[in-house]
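S.K.: can you look at this prediction? I've put the sequence above it.
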Amino acid sequence: SDNIFMLEKILKEISYPLKIDGDEIILTFSTGISLYPHDGGNAFELLKSAGMALSIATQEGRKTYQFYSADMSVTASAMLLLEKQLMKAIKNEEFILHYQPYWDITTKKMVGMEALIRWQSKDNGLVPPGKFIPVLEETGMIIEVGEWILRTAMRQVKAWQDERYPVVPVSVNMSLIQFRQKDLTEMVKKVIRECGFYPSLLTLEITESAFMQDIEFTRSVLTAMKEIGCSVSIDDFGTGYSSLAYLKRFPVDNLKIDISFIREMVKDPDSASIVVAIINMAHTLNLKTIAEGIETEEQWNFLRLLRCDMGQGFYLSKPLPAEEFEKLFSGEDK
Ligand code: C2E
Ligand code: MG
Ligand code: MG
């Protein structure tokens, strides 16, 4: 406990703002701690343990410290294995996209679809993105895979268009790291050009938390996307802390109301109020709303009464592989 006391003192001292050339600078940092002899019998072992603790502390946010524990090395080696498997997955093209439609909430006409990645792994079966996107992000592999996702989604929609299916715009998810890559705009332009794709059929989804990370940067990327002719949706809306002022000044088209509110809405008045507030605010700002994760008719009807614009969820369809998805297009135009 003496150690902790010292540590907190150091953390506190360092976190005071520094003045350098008139600018105020705030340092943030993370700490990993290992103890002799429990976490290592020599300097090398101790540093290794502390390094592992440090990497966990860093992941958990800044200004934190973390003591080493034995299961960290299990986690770390499991991560390493997954990383290797994912590198192979890229090489062997083991990723596939599923597509989930979203509909006009009043007419139930399909108005768009979202591309969602899956990993068809020889060892682990069909792996959902929550299990591997974080590793792709951490290792930077998401940049390469992200371009693949964009290209595959556009090629698919283009193919459907060429076969005279009545296609609808496709939304592609951008994770934080992808969103922050320097040449994102150039990459999107390049892939659109290569695929001969109509930019107006492409929507980029970024999460509310990524949106809020660096406001000026977000503005420049979104403006560039608008110039290309794509639409922008804010994903998982309601979980972050966007201020109204930002939404008003940014070129955004849709807010996707986070699944957690939709799930609770029918039985929890607080969630229902949040949904009402989001929809009304969105409409005041001329944005459309899409409710995520609608599973029941009751939820669907409730959202329709609240004048939500669009709905997505298992109630009408799960995400589907391309061959199954095409059965959802109305046959008439074909
Ligand atoms: P998201 O973009 O918010 O996607 C919605 C998630 O909700 C999808 O999970 C979808 O399958 C699921 N979902 C849809 N309707 C329902 C419903 O009625 N009930 C329930 N319980 N769930 C529903 P999925 O495909 O596992 O994706 C999870 C997250 O992984 C996505 O959240 C997105 O953040 C990320 N992700 C998925 N595909 C990609 C991708 O291609 N690129 C990137 N960067 N991230 C992706
Ligand atoms: Mg999404
Ligand atoms: Mg979402």
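M.R.: Alright, I've got the coordinates. Ligands and ions are numbered 1, 2, ... in the order given.
S.K.: from now on I want contacts and neighbour counts done on CA atoms only, so please keep to that.
M.R.: OK.
S.K.: contact partners of the helix-or-strand element of the chain with minimal mean pLDDT?
M.R.: Least confident helix or strand, the chain: strand 23-25 with a mean of 76, by mean pLDDT, DSSP states H and E. Contacting residues not belonging to strand 23-25 are listed as 17, 18, 19 [C-alpha atoms under 8 Å, 6 or more residues apart in numbering].
S.K.: spell out which parts of the stretch 1-150 of the chain neighbour ligand 1.
M.R.: Proximity of the stretch 1-150 of the chain to ligand 1 is confined to 116, 117, 128, 129, 130, 149 under the rule C-alpha under 6 Å from any ligand atom.
S.K.: for PyMOL, what selects the buried ones among the residues you listed?
M.R.: Those of these that count as buried under 16 or more other C-alpha atoms under 10 Å are selected in PyMOL with:
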select buried, resi 116+117+149
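S.K.: make JSON lines out of the residues of the stretch 1-150 of the chain next to ligand 1 and add distance to residue 66, secondary structure and pLDDT.
M.R.: Output for those, formatted as JSON lines (distance: C-alpha to C-alpha, whole Å; DSSP: H, G, I helix; E, B strand; the rest coil; pLDDT from 0 to 100):
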{"residue": "116", "distance to residue 66": "34", "secondary structure": "strand", "pLDDT": "98"}
{"residue": "117", "distance to residue 66": "33", "secondary structure": "strand", "pLDDT": "98"}
{"residue": "128", "distance to residue 66": "29", "secondary structure": "coil", "pLDDT": "95"}
{"residue": "129", "distance to residue 66": "28", "secondary structure": "helix", "pLDDT": "95"}
{"residue": "130", "distance to residue 66": "24", "secondary structure": "helix", "pLDDT": "92"}
{"residue": "149", "distance to residue 66": "36", "secondary structure": "helix", "pLDDT": "98"}
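S.K.: between the residues of the stretch 1-150 of the chain next to ligand 1, which sits nearest ligand 3?
M.R.: Ligand 3 has its nearest neighbour among those in residue 116, at 10.8 Å by C-alpha to the ion.
S.K.: surely that closest one and residue 320 touch.
M.R.: No. Here residue 116 does not reach residue 320: they are 9.1 Å apart, not a contact under C-alpha atoms under 8 Å.
S.K.: what pLDDT does the model give the most centrally placed residue in the chain?
M.R.: Centroid-nearest residue in the chain, with C-alpha atoms, centre = their mean: residue 175, separated by 4.2 Å. Residue 175 is assigned a pLDDT of 91 by the prediction.
S.K.: what's the answer for the one 4 residues further on, then?
M.R.: Here the pLDDT value assigned to residue 179 is 91.
S.K.: where's it, which helix or strand?
M.R.: Using DSSP states H and E, residue 179 falls within helix 176-180.
S.K.: does that helix reach ligand 1?
M.R.: No. Contact of helix 176-180 with ligand 1 (C-alpha under 6 Å from any ligand atom) is absent, the minimum separation being 7.3 Å.
S.K.: about what we covered before: shared neighbours, residue 116 and residue 320?
M.R.: 98, 99, 100.
S.K.: skipping its backbone neighbours, what lies nearest the residue in the stretch 201-334 of the chain that ligand 3 sits nearest to in space?
M.R.: At 4.1 Å from ligand 3, residue 236 is the closest residue in the stretch 201-334 of the chain, using C-alpha to the ion. What sits nearest to residue 236 in space, not counting adjacent residues and going by C-alpha to C-alpha, 6 or more residues apart in numbering, is residue 258, at 4.1 Å.
S.K.: how much space between that neighbour and residue 13?
M.R.: 39 Å (C-alpha to C-alpha, to the nearest Å).
S.K.: over to residue 54?
M.R.: For residue 54, the distance to residue 13 - C-alpha to C-alpha - is 20 Å.
S.K.: okay, those two: which has more neighbours?
M.R.: Taking neighbours as other C-alpha atoms under 10 Å, residue 54 and residue 13 compare with residue 54 leading, 23 against 10.
S.K.: and the residue of the stretch 51-200 of the chain at minimum distance from ligand 3, helix, strand or coil?
M.R.: Nearest residue of the stretch 51-200 of the chain to ligand 3 (C-alpha to the ion) works out as residue 173 at 9.2 Å. Of the three states, residue 173 takes strand according to DSSP: H, G, I helix; E, B strand; the rest coil.
S.K.: give me the nearest residue to it, chain neighbours excluded.
M.R.: Leaving out its chain neighbours, residue 173 is closest to residue 205 (C-alpha to C-alpha, 6+ apart), at 4.7 Å.
S.K.: what about the strand or helix carrying the one you found and ligand 3, touching?
M.R.: Secondary structure from DSSP H and E places residue 205 in strand 202-207. No. Judged by C-alpha under 5 Å from the ion, strand 202-207 stays clear of ligand 3, getting no closer than 7.4 Å.
S.K.: can I get the next helix or strand after the helix holding residue 179 in CSV, CA atoms only?
M.R.: Of the helices and strands lying after helix 176-180 in sequence (DSSP H and E), the nearest is helix 184-195. Backbone C-alpha positions of helix 184-195 (Å, rounded to 0.1, in the frame of the first residue of the first chain) are rendered in CSV as follows:
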residue,chain,number,x,y,z
LEU,A,184,-9.0,7.5,-46.2
THR,A,185,-10.5,9.9,-48.7
GLU,A,186,-8.1,8.9,-51.4
MET,A,187,-8.7,5.3,-50.7
VAL,A,188,-12.4,5.6,-50.9
LYS,A,189,-12.1,7.6,-54.2
LYS,A,190,-9.8,5.0,-55.7
VAL,A,191,-12.0,2.1,-54.9
ILE,A,192,-15.1,3.9,-56.2
ARG,A,193,-13.3,4.6,-59.4
GLU,A,194,-12.0,1.0,-59.7
CYS,A,195,-15.4,-0.5,-59.2
